[in-house]
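S.K.: Below are the sequence and a predicted model; questions follow.
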Amino acid sequence: MGRGEALFETKRAKGREVYKVFSSTIFVGICLIWFYRLKNILGREEEEEEIGGRWAWIGMFGTELWFGLYWIITQSVRWSTVYRYPFKDRLFLRFEDKLPGIDIFVCTADPTMEPPTLVINTILSVMAYNYPSEKLSVYLSDDGCSDLTFYALIEASRFSKHWIPFCKKFKVEPRSPQVFFDQCSNPEDNVDLQEWVAIKELYEDMKMRIESVITRVAIPEEVKSQHKGFSEWNSEVTKGNHQPIVQILIDGRDSNAVDNDGFRLPTLVYLAREKRPHRLHHFKAGAMNALIRVSSEISNGPIILNVDCDMYSNNAETIREVLCFFMDEERGHQTSYVQFPQNYNNLTKHDIYSNSYRVVNKIEQCGIDGYDAALYCGTGCFHRRESLCGRKYTEDFKEDWNFENRRNMNRTVSELEEASKIVATCSYEDGTKWGKEMGLVYGCAVEDIITGLTIQCRGWKPIYYNPEPSAFLGVAPNTLEQALIQHKRWSEGMFQIFFSKYCPFFYGHGKIKFGAQMGYCIYLLWAPNSFPTHYYLIIPSLCLLHGIPLFPKLSSPWVLPFAYVFLAKYAYSLVEGLSCGETIKSWWNLQRTWMIRRTTSYLFAFMDTIIKQLGLSQTTFVITSKVLDDGALKRYEQEIFEFGSSSSMFTILATLAMLNLFTLFGGIMKLALDMQGGRLEQLVLQIILNALIVMVNIPIYQALFFRSDKGKLPSSVLLLSVFLASMACLMPIY
Ligand SMILES: O=c1ccn([C@@H]2O[C@H](COP(=O)(O)OP(=O)(O)O[C@H]3O[C@H](CO)[C@@H](O)[C@H](O)[C@H]3O)[C@@H](O)[C@H]2O)c(=O)[nH]1
Ligand SMILES: [Mn+2]
């Protein structure tokens, strides 16, 4: 392999031309549907008089117009799919002795929802990367400012002396100890049995110590005496009100900081940035910006990896692969960040809450990448420090990869800590560009997406890379409520971007490609999908009950576009899903999940966005919990829907389900009594639609009527939903 060969390659997906032809036929179908609606609304007056439902028809037109336009937007990312291939052997030949320093940021925010053992497993997995340890620096940002998390990190720093050499010696994968021991309850062939038993025991002991401290709530005095850092937690410190805390637990420059085999350890730093009441802290974006500054004082690596506390490294080689995208002589200097997909290790077989995002990860993200606009998704992302800190891309930009040049070797640990505290105060950002043009952008619940967009608009070209096996694995929300809360935050944050000055069509105009602008809008417009979906779930069913036809009759040729668009779209979606690794059942679950998200999370997100636009409330960030009680966990594993409370979201779901049940039976009964063949022919499509909705809702009926476990829907929800659905059925339709 000679010098100068590219360090990575980009390939375009095949078969896109065929797809373009196919999607054009769907487009024709959609236009015909629009035409049919318009024609009927405008020119059907006499007939109208007797059947009624004019407004219902107008609503159908509006709904189908929206769905059609939204479908067009989703096409952009299917026309330009690219795949990336790094060559890490070439990197090895050219750069092995010149590898740069890497700074790794892990964010945590709450010791109960994000247990310290989970956090340190992530920390240990990234400390153990197959990379020169003295060039790695790992930073934990603790927005919970919890001495329990701090204690766990001290324990992890000690355990790492055993864990890192063990991983490197036996090429262990994955390098999260918990996951590693869970996955192989018997040591594999390549691992020495004695050493395996010894290290497992050390791990279990450590875990027990951490958990026993957690159950005792307060840290025992004898533990506190082990480290000076505990003195920071005096009686006045609370989560939302405390001084900045920076503790360098391992100083990678120190020649005494070595593991059991005598090799240098990575730097390890604990950070709790200052927080004060009445001071906005900007959630994760604020934490990340503090991390950027603190790390620039301590290690100042040119590349920053950022992971959420649950996203452990699943492949020890990842850093070298990523460096190919940054260090390629030809194109590397354009790369701002390399984003990996968010994958999870706690998915069930048929993915009941549709957390796998297989099509998004394998097609849509690659499609946006094809327009040089890979999305930044907040975790599993390697950034170039310069581009993240607001630098504009210029052709002559050249990174200084030299490790020694960048790092301050002379300052003592306490000098570094003091300097870091200054940049981690609340007031440090006052009057600066942090949160606007520097670092992560403030004021949006999806700080990641908006930040990625601004970086692209500064001329950089990010990369999306989806290797096998996954580079990172995390914890997906495993109750319905958690999943919906997450989607509410996401869809709200994204819709807010659409309305802000960052709307890709304006902000990105002339800076990113039009396809990319459309690609962004697939996600930015999640929230407004809620109304048309509600409409389609309610009105055709009610009209069925009232005998008002909304679709062409079966013998009319106008049935064809409806049937074609529906069948072609769903058949394609199924094929696409299966090709990305969905099962038929998980695909079916996905259709249900979309319905549920759109009718609940997106509805609330839409309304809250409007309220925020009016200036009536502030951005918040509701953290998704990563723990579950045993009963709920068991139900999750058995793929039984978890409700268990009477939240308003569940009431909406139950009401929609009951309504469709009533209208289906009511509508069919009425038809049967009527005995008019012509009527039936006119309402067939509505019956089919209504029946499909009922089928999708089966788990909700089970939770309402047939279950007795804790995760069922409470009877108060049943009563309320029956009441609301009946009222809706009594409503006249115009
Ligand atoms: O005030 C806060 C709130 C959250 N976090 C951290 O942010 C991360 C993501 O929070 P989580 O509750 O797990 O939300 P998810 O929906 O799983 O996060 C996804 O979506 C977020 C944007 O909504 C991105 O920030 C995340 O990176 C992305 O994984 C976690 O590590 C938290 O500890 C903070 O550091 N400070
Ligand atoms: Mn998460």
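M.R.: Cool, got the structure. Ligands and ions are numbered 1, 2, ... in the order given.

S.K.: List the buried residues for the helix or strand harbouring Asp103?
M.R.: Element membership of Asp103 [criterion: DSSP states H and E] is strand 102-108. The neighbour-count check on strand 102-108 (16 or more other CB atoms under 10 Å) flags 102-108 as buried. In short, each C-beta sits where N, CA and C put it, glycine included.

S.K.: give me the element Ile30 is part of.
M.R.: Going by DSSP H and E, Ile30 is in helix 16-42.

S.K.: Check which helices and strands that helix sits against.
M.R.: Helix 16-42 is packed against helix 54-75, helix 559-579, with contacts defined by 3 or more CB pairs under 8 Å, 6 or more residues apart in numbering; DSSP states H and E.

S.K.: would JSON lines of those helices with mean neighbour count be doable?
M.R.: Formatted as JSON lines, the helices and strands packed on helix 16-42 follow (neighbours: other CB atoms under 10 Å):
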{"stretch": "helix 54-75", "mean neighbour count": "17"}
{"stretch": "helix 559-579", "mean neighbour count": "15"}
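
S.K.: Let me know which of the ones you listed is the nearest to ligand 1.
M.R.: helix 54-75 (21.1 Å; CB to the nearest ligand atom).

S.K.: how close does the residue lying closest to Lys168 once chain neighbours are set aside get to ligand 1?
M.R.: Counting by CB to CB, 6 or more residues apart in numbering, Lys168 lies nearest to Asn130, which is 6.9 Å off, once chain neighbours are set aside. In this view, Asn130 and ligand 1 are 24 Å apart by CB to the nearest ligand atom, to the nearest Å.

S.K.: Three-state assignment for Asn130, please.
M.R.: The three-state assignment at Asn130 reads coil, by DSSP: H, G, I helix; E, B strand; the rest coil.

S.K.: I'd guessed it sits against Asn315; true?
M.R.: No - look at Asn130 against Asn315 with CB atoms under 8 Å: they stay out of range, at 9.0 Å.

S.K.: picking up where we left off before, what's the neighbour count on the residue nearest to Lys168?
M.R.: 17 (other CB atoms under 10 Å).

S.K.: From Gly439, how far off is it?
M.R.: As judged by CB to CB, to the nearest Å, Asn130 and Gly439 stand 29 Å apart.

S.K.: now swap in Asn121 and tell me
M.R.: 27 Å.

S.K.: Over to Gly101?
M.R.: 19 Å.

S.K.: Likewise for Tyr151?
M.R.: Taking CB to CB, one finds Tyr151 at 29 Å from Gly439.

S.K.: residue ranges with poor pLDDT in this structure?
M.R.: 1-3, 44-51, 675-677 (pLDDT under 70).

S.K.: near ligand 1, which residues of it?
M.R.: Residues of the chain lying close to ligand 1 (CB under 6 Å from any ligand atom) are 107-109, 114, 141, 143, 283-284, 287, 308-309, 342, 378-379, 445-448, 486, 489-490, 493, 621, 623-624.

S.K.: at 5 Å what do you get?
M.R.: 107-109, 143, 283-284, 287, 308-309, 378-379, 446, 448, 486, 621, 623-624 (CB under 5 Å from any ligand atom).

S.K.: just the buried members of those?
M.R.: Members of those classed as buried by 16+ other CB under 10 Å are 107-109, 143, 283-284, 287, 308-309, 378-379, 446, 448, 486, 621, 623-624.

S.K.: In the stretch 301-450 of the chain, what residue comes closest to ligand 1?
M.R.: Using CB to the nearest ligand atom, Gly378 is the residue of the stretch 301-450 of the chain that sits closest to ligand 1, at 2.3 Å.

S.K.: Straight-line length of stretch 699-715, end to end?
M.R.: 16 Å (CA to CA, to the nearest Å).

S.K.: so how far is it off the chain centroid?
M.R.: For stretch 699-715, the separation from the chain centroid amounts to 29 Å (computed by CA atoms, centre = their mean, to the nearest Å).

S.K.: Tell me where the stretch 501-650 of the chain has helices.
M.R.: 504-507, 514-524, 530-546, 559-579, 584-599, 601-613, 630-637, 648-674 (DSSP state H, counting those that start in this stretch).

S.K.: just the stretch 301-450 of the chain next, same as before
M.R.: 318-327, 358-359, 365-369, 385-388, 403-406, 413-423, 447-457.

S.K.: just these: most buried one?
M.R.: Among these, helix 365-369 has the highest mean neighbour count (mean count of other CB atoms under 10 Å), at a mean of 26.

S.K.: Check which helices and strands that helix sits against.
M.R.: Short answer (3+ CB pairs under 8 Å, 6+ apart): helix 365-369 packs on strand 82-86, strand 463-464, helix 514-524.

S.K.: Distance to Pro220 and mean neighbour count added to these, as CSV?
M.R.: Below are those laid out as CSV (distance: least, CB to CB, whole Å; neighbours: other CB atoms under 10 Å):
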stretch, distance to Pro220, mean neighbour count
strand 82-86, 48, 18
strand 463-464, 47, 25
helix 514-524, 47, 23
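
S.K.: May I see the ones you listed arranged in CSV, with distance to Phe397 as well?
M.R.: Listed next are these as CSV, based on distance: least, CB to CB, whole Å:
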stretch, distance to Phe397
strand 82-86, 21
strand 463-464, 16
helix 514-524, 21
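
S.K.: what does stretch 488-496 contact?
M.R.: 444-447, 449-450, 523-528, 597, 600-602, 604-606, 608-609, 612-613, 619, 621-622 (CB atoms under 8 Å, 6 or more residues apart in numbering).

S.K.: ugh, wrong one, stretch 232-242
M.R.: 143-147, 150, 219, 243, 245, 247, 272, 274-277.

S.K.: hang on, Ala516 packs against Pro504?
M.R.: Yes - Ala516 is within contact range of Pro504, at 7.3 Å (criterion: CB under 8 Å).

S.K.: these two touch, right, Ile102 and Asn306?
M.R.: No - here Ile102 lies out of contact with Asn306, judged by CB under 8 Å, at a distance of 11.3 Å.

S.K.: what's the distance between the residue of the stretch 301-450 of the chain closest to ligand 1 and Asn186?
M.R.: For Gly378, the distance to Asn186 - CB to CB - is 36 Å.

S.K.: now swap in Leu280 and tell me
M.R.: Separation of Leu280 from Asn186 (CB to CB): 51 Å.

S.K.: ok, Leu685 to ligand 1 distance?
M.R.: For Leu685 relative to ligand 1 (CB to the nearest ligand atom), the value is 38 Å.

S.K.: contacting residues around that residue?
M.R.: 551-552, 554, 559, 562.

S.K.: host element of it?
M.R.: Going by DSSP H and E, Leu685 is part of helix 677-696.
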